[in-house]
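J.: Prediction below, plus the sequence it came from.
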Amino acid sequence: MFYLKKDFQFQENQEGLVIGLFERSGKLEGTLAELDHEFNGYIHELIKNGEISVKEKNISKIHTLGKIGTKTIWFVGLGKEKNLTFEKLRDSFGRLFKEIHHKHWEIAFLLDSFTNEKMDTLDAAHAMSEAYALATYHFQGYKQKQNEPEKSLSELTIYTDYCDQEELEASITVGYAFGKGTNSARNLVNIPGNLLTAEEMANYAIDLAAKYDFEVEILEKDEIESLGMGAFLAVNQGSTEPPRMIVLKYQGKELWEDVIGLVGKGITFDTGGYSIKTKSGIVGMKTDMGGAAAVLGAMEIIGELKPEQNVVAVIPSTDNMISGSAFKPDDVITSMSGKTIEVLNTDAEGRLVLADAVTYAKHHGANYLVDVATLTGGVITALGLHTTGAMTNNECLYEQVLEASFEAGEPIWQLPLFEKDKERVRSSKIADLNNSPGREGHAIVAGAFIGEFAEETPWVHLDIAGTATASKDYDLGPAGATGVMTRTLALFVERFEPLEK
């Protein structure tokens, strides 16, 4: 798929060639000057006239008309050198791949044309391979007749003067692994709830464990009952599909210490239960397992790259249905931790399954916790559709997650967690906690509820209700599932530094 070469020659036979263009004054230099010479100064004129654009993320194309061996040249505008960032470069590559994916079988890159003092060749290679995986993603779907494209880009030749081929191959491998792991998460979220049941999600995890030699544990309903996971079981009460508590362990250190717990909400379909959703709000609830998908996608990346860390992934999976046996508002349930919960809203089910999952992650030795969930509409009201909401009980841990999120291009924003928010969650007169103390600050009290089970363990909560899906195509993917937080979690694990005790 990726081929590395040196000493590019303009007369090589290729379908397409990609060159990066910075906004610079003066004469063209290096390879661009040579190319301009082959075209008798025509390239310089096209740039000068704006027909080949140097503006950020603008894609321009020219046909060579036989002047060189390559049939088509694609120019990627990069703007001013000082403004280029890794995220902008990755997005630029994404826009390019979306444009050319079904126009070429193979294409070549002059990788050094995408570098400057801040962006070295290794970063450019990572950005390119990650963008290739992300931007060319397509969910096959279930149509009887598929419209297959005539062409699909499958071969990328990379020309560079970078001398260490092993380092370069490693950067390409890492970038591609991050993209593919995200695509796996996207696939899971896009699958409808009748096909991706809790059992099927568990089977997916088993296959992942076999491929990457993870330790796997799948708790079935009788085992969940024996462990006293009453919060998780309450959500499952109305369903004919049995629940699964899914656990994957990756041990990258000699001793099982400094363990990172990744906890993902795995509600395969959410009706809201007796607090039923509206007819428009219920559509799309197959995506309510986006947190579980992100965790599984991150575990795939971890399996590929094998960081020297210890990770336990815990996913509580069920649907939330309505029936004569379903749990109801006013019910009181007992969680695995022993804390009792008054149910005021059956549509606040995500925090219930996460309560037992967080407790179980600690049971497996998690010293640090990050939970990911499509948890509340309130986070969309607060932060919109492009920013994930975050809460924490430990600022040092949060800073590490924050850094990973911005490197991944998946921004998060911290919501407050004050004592008064905790008091609202503890306000039940008949139980230790209530699961829904009101609409005000909905995203905050939902996170505060989960925090009651994290207790003193350093913990970060990520609410991806607004970011788990996209309503339209964007530079790095199509409308539908985004796989958000997959790369953030993987980067966080890869770069993790244990906190001082």
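T.: That came in fine, so what should we check first? Remember, predicted model here, so these are calculated numbers, not experimental data. Residues are numbered from 1 along each chain as shown.

J.: Return the distance of stretch 254-271 from the chain's centre.
T.: Stretch 254-271 has its C-alpha centroid displaced from the chain centroid by 15 Å (C-alpha atoms, centre = their mean, to the nearest Å).

J.: Please apply the same query to stretch 3-19.
T.: That offset, for stretch 3-19, works out to 33 Å (C-alpha atoms, centre = their mean).

J.: So what touches that stretch?
T.: With C-beta atoms under 8 Å, 6 or more residues apart in numbering as the test, stretch 3-19 has contacts from 31-32, 34-35, 38, 68-76, 96, 100, 103-110, 113, 155-161, 165, 168-169. Glycine gets a C-beta too; all of them are placed from N, C-alpha and C.

J.: ends of that stretch, how far apart?
T.: The separation between the terminal residues of stretch 3-19, taken as C-alpha to C-alpha, to the nearest Å, is 17 Å.

J.: what about the helices in the stretch 1-150 of the chain?
T.: For the stretch 1-150 of the chain, helices defined by DSSP state H, counting those that start in this stretch occupy the ranges 30-38, 42-48, 86-100, 121-135.

J.: And the stretch 201-350 of the chain, by the same measure?
T.: Remark: helices of the stretch 201-350 of the chain, listed N- to C-terminal, are 221-226, 230-236, 290-305, 350-363; assignment by DSSP H, counting those that start in this stretch.

J.: right, and those helices - which one's nearest Val263?
T.: Smallest distance to Val263 across the helices of the stretch 201-350 of the chain (C-beta to C-beta): 4.9 Å, for helix 350-363.

J.: returning to what we had before: out of the helices of the stretch 1-150 of the chain, which one sits most buried?
T.: Stretch with highest mean neighbour count among those: helix 121-135 (a mean of 24; mean count of other C-beta atoms under 10 Å).

J.: ok now that helix, how far from the chain's centre?
T.: Average the C-alpha atoms of helix 121-135, do the same for its chain, and the two points are 16 Å apart (C-alpha atoms, centre = their mean).

J.: Direction-wise, compare it with helix 86-100 and give the angle.
T.: With axes from the mean of the first three to the mean of the last three C-alpha atoms, to 10 degrees as the criterion, the two stretches helix 121-135 and helix 86-100 enclose an angle of 50 degrees.

J.: same question for helix 121-135, mean pLDDT?
T.: The average of the pLDDT scores along helix 121-135 is 98.

J.: in its sheet, what does the helix or strand just after it sit against?
T.: Beyond helix 121-135 on the C-terminal side, the first helix or strand identified by DSSP states H and E is strand 155-159. Pairing partners of strand 155-159, with direction, according to DSSP bridges: strand 2-5 (parallel), strand 106-110 (parallel).

J.: now strand 155-159 and helix 30-38, what's the angle there?
T.: For strand 155-159 against helix 30-38, the angle between stretch directions is 100 degrees (the same axes, to 10 degrees).

J.: Buried residues in strand 155-159, which are they?
T.: Residues of strand 155-159 classed as buried: Leu156, Thr157, Ile158, Tyr159 (neighbour count, 16 or more other C-beta atoms under 10 Å).

J.: Dump those residues to JSON lines, plus distance to Ser427.
T.: Formatted as JSON lines, the entries for the buried residues of strand 155-159 read as follows, by distance: C-beta to C-beta, whole Å:
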{"residue": "Leu156", "distance to Ser427": "58"}
{"residue": "Thr157", "distance to Ser427": "63"}
{"residue": "Ile158", "distance to Ser427": "59"}
{"residue": "Tyr159", "distance to Ser427": "64"}
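
J.: ok, those residues vs His44, which is closest?
T.: The closest of those, once distances to His44 are taken by C-beta to C-beta, is Tyr159, at 21.6 Å.

J.: can you pull the contacts of Glu349?
T.: Neighbouring residues of Glu349 by C-beta under 8 Å, 6+ apart: Val235, Ile267, Asp270, Gly273, Asn320.

J.: can you give me the strands for the stretch 201-350 of the chain?
T.: With DSSP state E, counting those that start in this stretch as the definition, the stretch 201-350 of the chain shows strands at residue ranges 215-219, 244-251, 259-264, 266-270, 310-320, 332-334, 340-342.

J.: Now do the last one: which elements does it pack against?
T.: Contact partners of strand 340-342 among helices and strands, from 3 or more C-beta pairs under 8 Å, 6 or more residues apart in numbering; DSSP states H and E: strand 332-334, strand 433-434.

J.: How much space separates Ile158 from Glu130?
T.: Per C-beta to C-beta, to the nearest Å, Ile158 is found 14 Å from Glu130.

J.: Same question for Ala108.
T.: The span separating Ala108 from Glu130 equals 19 Å under the rule C-beta to C-beta.

J.: what's the neighbour count on Leu188?
T.: 25 (other C-beta atoms under 10 Å).

J.: Quickly find the element holding it.
T.: Element membership of Leu188, judged by DSSP H and E, is helix 165-190.

J.: helices or strands up against that helix?
T.: With contacts defined as 3+ C-beta pairs under 8 Å, 6+ apart, the packing partners of helix 165-190 are strand 2-5, helix 121-135, helix 290-305, strand 480-481, helix 486-495.

J.: what bits of the chain have low per-residue confidence?
T.: Counting by pLDDT under 70, the chain contains low-confidence residues at 150.

J.: re earlier: turn the helices and strands packed on helix 165-190 into TSV, including distance to Thr85.
T.: What follows is these, written out as TSV (distance: least, C-beta to C-beta, whole Å):
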stretch	distance to Thr85
strand 2-5	23
helix 121-135	10
helix 290-305	22
strand 480-481	25
helix 486-495	16
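
J.: Please name whichever of the ones you listed is nearest to Phe406.
T.: The nearest among those, by C-beta to C-beta, is helix 486-495 at 8.9 Å.

J.: What helices and strands are in contact with that closest one?
T.: Contact here means 3+ C-beta pairs under 8 Å, 6+ apart; on that basis helix 486-495 packs against helix 165-190, strand 259-264, helix 290-305, strand 366-373, helix 395-408.

J.: now for the last one, which elements pack on it?
T.: Going back to what we said before, that points to helix 395-408. Using 3+ C-beta pairs under 8 Å, 6+ apart, helix 395-408 is in contact with strand 388-392, strand 412-414, strand 459-463, helix 486-495.

J.: and what of the fourth one?
T.: When contacts are defined as 3+ C-beta pairs under 8 Å, 6+ apart, strand 366-373 sits against strand 259-264, helix 290-305, helix 350-363, strand 459-463, helix 486-495.
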